[in-house]
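Enquirer: only the shape, not the letters, is given here:
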C-alpha cells in the first residue's frame, strides 16, 4: 500500500516537474513554444494551485517537525583525516529567528592549505576515476532526493535556513525546488553536449562531433568557490558545475547562509563515497587576506559571488594565473509595450518577478518600463500590488531585522516626499488602509534606479520603449536579466539592442527568477569556461 | 483619496513669538506644550502648502490631531525639495544648508535649505542659550570656549557654527575663539591658547564636530603632545557625528579617548544632537545630572519646549515598543515658523527620561546581489 502511495507521489512530482519546465521554458524547442503556451494556459490554475498547496503543506509539516527543537549544525566538511582534533567555533552571525546554532571548524591558513592540497592531489584522482555518465547520474539523483519532501536533509535545510536567514519556509522550499528542478540529468547532459560537443572527452580521448582530431578535456585541478547568501540553497550550483567537469571543489560558505553547502555535500557522498576527498566546505570570516590567499593559492579556477567591492577585495587574493568567474551585482529590467499591458495575467507575473527570493537575487527587476501614461501605469501598479498580496499568501515575506525594516520604510518615505514635492511626475501606491506589506513607485521623466527588494517595486512610464534603452544605457555594465512583454518584431530589435549593451537573458514576465541552472550567467558558458583542452591526434 | 483638510474653523493665525519665548524661558508644562504645538501646527498647515499637502496624504481627518503626538512628522528629505516656512520668502534672512543631496532627479539635485526669518532666529538663539545653560554650563563655571570650526564668516551656511558662536558669545570667558579653518584645526594656535589657560588655571570648553576631535586627537598624538592636563572644570562638547570625514568611533570609545587625552572625567564630555531642520539641540544629560548622588544613565534629554518620540519602523504613526529601536521623531516648538514635527534619519530607543541614538538608517543598501543604488551612480 505504502509502496503504491510512494510511486504515486513520485509520479505526481514528475508531472509537476514537466509542467514546471514547460512554464519556465526549460528545454523547450523554439518550434514548440506555441504548443507549450497552450498547455500552459490550460494547466496554469491547476499547476499553480497544486504548487501552492504543496508548498504550504510542506512548510507546515516542517514547522511541526521542528517545533520546540533547537537545531545544531556544523557547516564545515573537510576531507577525511583533516577534521580530526579540530575544534568547532561559533559562526560570527546571529540566527535571525533564533533556534539554530551553526558551528564551523576553525580555519587557519595551514588547515586551508592542507585541505586545498588534499583536494588537488587526492580529490582529483578520485573524481577523474568516476565516468562522467555516472557523475551526472549522481548529480541527478541528488537533485531528485532534494526534491523529495520526505528527504530528511531537505526538511532540515528548510527549517535551519528559515531560522538563520529569516526567509520564510515557503520561500526556501520554492528556492530549492527551482534550483533542483533545473539540475536534472537532462539539463546536465544537454549542457555538456552543447558546450563540449561530446561529454566523453572528460573520460578520455574522444572524437568531437564535427569529426576533427580526437580531444581530451580536463576540469581545473581545484575549483575554489565563494558563496553568497542572497538565494537559499544556491551553493549546490558550484559543486554541480565542478563535478560536471570532474574537478574537486573547495567552497567557502557565507556567514549569512552557511547551512546548505554541507548538507548537499553529504548527499553527494551518500551517493558516491569515493568523492570524500573531492568536496569540501569551509567557513571563515570575510576580509581575512591571509585565509583567502591560502584558499585560492592552489585553485586554478575561482568562482565568486558578491558586491563589486567584495569581489575586488577577493580578486587581490587570487593568483594572477588562476582563471575566474566573478559574479557581481546586477540589474534586471522589464519592458512592457501598450499591447502587453492589456494582458490580464501580466500584473501577477510581474508581481512574481518582484516577490521571488524577496527581491534579493541578481535576477530581480530594478524596474519595469511600461509604454503608458501615468494614469494607466498607476492602475497597472495597483494591479501589481494586488498580485504581490496574492503571492504573499504562498511565498510569505521574509522576517527582517529592525534596521532593515527601517531602511525599507525610509525608502517608501523618500518616495512619498518625491511624489509630493518633486517637479517630475511620481506617485506612490500602497495597499488600501496602509500596513506597508508592499509599495510601488510610479514615475515618468528622468529614470533613477531605486533600492528595492522586500515587496517594493518601481514602474517607470515611457512614451516608447526606445526611451527605456536610453534610460538604462548609463548602467549598461550591470545589465543581465530582462523580461519582455513586447510584440515582435520590436521584441527582437530591443533584445538585440539591450544585448549589445550587455544584457544576457530575455524571458517573459513571471520568468525572471527562473533561469535554468545551466543558463549563460552573465553571458558566460557554465561548463566550457572551466575546461582545458588537449588535442591528441 | 483622503478628504481635504477643513481648517476654516480653526485658528490658523501666526503664533506670537512671545508665547514660544515664554515657554523657553519658564520651562512650561505638558498642557502648555500641547496647546502651543497644535496652534503652530494649524498655522503651518494653513501657510506652508507643501506641508499641507503632506498632511493631507497622512491624515484622514484634521480633527484627529488632538495632541502633539499626532502631528504628522515631515521627513528631513522634504527640505531638499522646498523652502519650508510659514512666512513669505521676502522675510527670510538666513538660510542654512542641510547635509546631503538627492541625486538624479533634476528637481532635487541640491542640498536642502533651512530658512529662518528674524523671529525664528531670535527664538533659535534663545533656545540655544537656555539649553547650553542647563546642560553644558549648569555648574555656573565660566570657561574659555575654544571652537574647532572655522569662523562663522567663513561658514555662513553651517547652522552648527552659528550655534557655537551663540554659545561662545553668551558663555565664553575672555580668550575664547575659533581655531578651525578650511584646512583643518590650527593646532599651534590652539596649543598656545590651551597653555595660556593652564597657566592661570582657567577652565576650558572645547567645542567641535565629532570628526574634528578625531583629527585633533590624531594631531596631538602625532606631535607627541597628548595627554594634556586641562584645568579643573574643563569640558568637551561634540556634535554632528563623522559624516565620513574621519574614522568613526563609538560614543563609548570617543569619550574614553577624549577623556584620556585631556584628563577630564567622562561625564564632562557631552554629545549634542543638532539638525539643520531643528532650531533646538538635544544634549547628553551627563553634566546636568553629574552633581546628583545617583546620576541618571547617560542619555539625551530634550528641553521642555521639545519632545522626541521613538516611532515604530513599520508604522511610524505608532510608538515603538519600549526599548525597541525606532525612528527618532522630534517635535520642536522653537522651529516656530517651520514645521515642528520632523522625522529624522536617526534610529534610537527611549531610555529613562530621554533617548539614545543608535545609528543612522541604512540608505540605498545593496539588496542581495541586486545592485546597490550607490554603486550604480558611482559607475554611471
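Expert: Yep, it's here. All of these numbers come straight from a predicted model, not from anything done at the bench.
Enquirer: how about the helix or strand harbouring residue A:41: buried residues?
Expert: When elements are assigned from DSSP states H and E, residue A:41 belongs to helix A:33-66. Buried residues in helix A:33-66, counted by 16 or more other CB atoms under 10 Å in any protein chain shown: A:36, A:39-40, A:43, A:47, A:51-52, A:54-56, A:58-59, A:62, A:66. The way it works is simple: take the backbone N, C-alpha and C, and place the C-beta from them, glycine included.
Enquirer: just after it, pick out the following helix or strand.
Expert: If you walk from helix A:33-66 toward the C-terminus, the next helix or strand you reach (DSSP H and E) is strand A:71-74.
Enquirer: so where's the stretch 1-150 of chain B shaky on pLDDT?
Expert: Of all residues in the stretch 1-150 of chain B, those with pLDDT under 70 make up the ranges B:1-11, B:99-111.
Enquirer: one more time with 90, if that's ok
Expert: Per-residue confidence for the stretch 1-150 of chain B (pLDDT under 90) gives these ranges: B:1-17, B:19, B:22-23, B:25-31, B:57-64, B:77, B:79-83, B:89, B:92-115, B:149-150.
Enquirer: one more: the stretch 201-350 of chain B?
Expert: B:211, B:223-227, B:240-248, B:276, B:288-297, B:322-323.
Enquirer: those residues of it touching chain A, which are they?
Expert: When proximity is defined as CB under 8 Å from any CB of the partner chain, the stretch 201-350 of chain B approaches chain A at B:313-316, B:324-327, B:343, B:345, B:347.
Enquirer: of these, buried ones?
Expert: If you count burial by 16+ other CB under 10 Å, the buried members of these come out as B:313-314, B:316, B:325-327, B:343, B:345, B:347.
Enquirer: returning to that earlier point: make CSV out of the buried residues of helix A:33-66 and add distance to chain B.
Expert: Listed next are the buried residues of helix A:33-66 as CSV, based on distance: CB to the nearest CB, whole Å:
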residue, distance to chain B
A:36, 29
A:39, 32
A:40, 27
A:43, 31
A:47, 27
A:51, 23
A:52, 24
A:54, 26
A:55, 21
A:56, 24
A:58, 24
A:59, 22
A:62, 23
A:66, 26
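Enquirer: which parts of the stretch 401-537 of chain A sit against chain B?
Expert: Residues of the stretch 401-537 of chain A lying close to chain B by CB under 8 Å from any CB are A:402-407, A:409-410, A:413-414, A:416-418, A:420-424, A:434-436, A:445-446, A:448-454, A:474-475, A:477-478.
Enquirer: where exactly do the strands run in the stretch 1-150 of chain A?
Expert: All strands of the stretch 1-150 of chain A, identified by DSSP state E, counting those that start in this stretch, fall at A:71-74, A:88-90, A:100-105.
Enquirer: among these, which comes closest to residue B:32?
Expert: Taking CB to CB as the criterion, strand A:100-105 is the member of these that comes nearest to residue B:32, at 53.0 Å.
Enquirer: how far out from the middle of the chain is that closest one?
Expert: With CA atoms, centre = their mean, to the nearest Å as the basis, the distance from the averaged C-alpha position of strand A:100-105 to the chain average is 24 Å.
Enquirer: where exactly do the helices run in the stretch 51-200 of chain B?
Expert: B:118-135, B:159-171, B:187-199 (DSSP state H, counting those that start in this stretch).
Enquirer: distance of the residue in the stretch 301-450 of chain A that chain B sits nearest to from residue A:397?
Expert: Nearest to chain B in the stretch 301-450 of chain A, going by CB to the nearest CB, is residue A:360, at a distance of 2.8 Å. Residue A:360 sits 12 Å away from residue A:397, going by CB to CB, to the nearest Å.
Enquirer: do residue B:18 as well
Expert: Between residue B:18 and residue A:397 the distance is 52 Å, computed by CB to CB.
Enquirer: more neighbours: those two, which one.
Expert: Each of residue B:18 and residue A:397 has its neighbours counted (other CB atoms under 10 Å in any protein chain shown); residue A:397 has more, 20 against 11.
Enquirer: wait, is the more buried one part of a strand?
Expert: No. If the criterion is DSSP: H, G, I helix; E, B strand; the rest coil, then residue A:397 is coil and not within a strand.
Enquirer: give me the residue at the spatial middle of chain B.
Expert: Using CA atoms, centre = their mean, the residue of chain B that lies closest to the mean C-alpha position is residue B:274, 1.2 Å off.
Enquirer: list the contacts for it?
Expert: With contacts defined as CB atoms under 8 Å, 6 or more residues apart in numbering or on different chains, residue B:274 is in contact with B:159-160, B:163, B:239-240, B:281-282.
Enquirer: then residue B:322?
Expert: Shown here is residue B:322, whose contacts under the criterion CB under 8 Å, 6+ apart are residue B:350.
Enquirer: what about it, which helix or strand?
Expert: Taking DSSP H and E as the criterion, residue B:322 maps to no regular element, lying outside all helices and strands.
Enquirer: separation between it and chain A?
Expert: Computed as CB to the nearest CB, to the nearest Å, the residue B:322 to chain A distance reads 14 Å.
Enquirer: would you pull up the residue in the stretch 201-350 of chain B closest to chain A?
Expert: Closest approach of the stretch 201-350 of chain B to chain A (CB to the nearest CB) occurs at residue B:313, with a separation of 4.1 Å.
Enquirer: what's the per-residue pLDDT of the closest residue to that residue other than its chain neighbours here?
Expert: When the adjacent residues along the chain are set aside, residue B:313 lies closest to residue A:406, with 4.1 Å between them (CB to CB, 6 or more residues apart in numbering or on different chains). In the prediction, the pLDDT value recorded for residue A:406 is 95.
Enquirer: quick one on the thing from earlier: mind putting the contacts of residue B:274 in CSV, neighbour count and distance to residue B:48 included?
Expert: Supplementary listing: those in CSV, determined by neighbours: other CB atoms under 10 Å in any protein chain shown; distance: CB to CB, whole Å:
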residue, neighbour count, distance to residue B:48
B:159, 24, 20
B:160, 21, 25
B:163, 25, 24
B:239, 19, 27
B:240, 21, 27
B:281, 27, 23
B:282, 26, 24
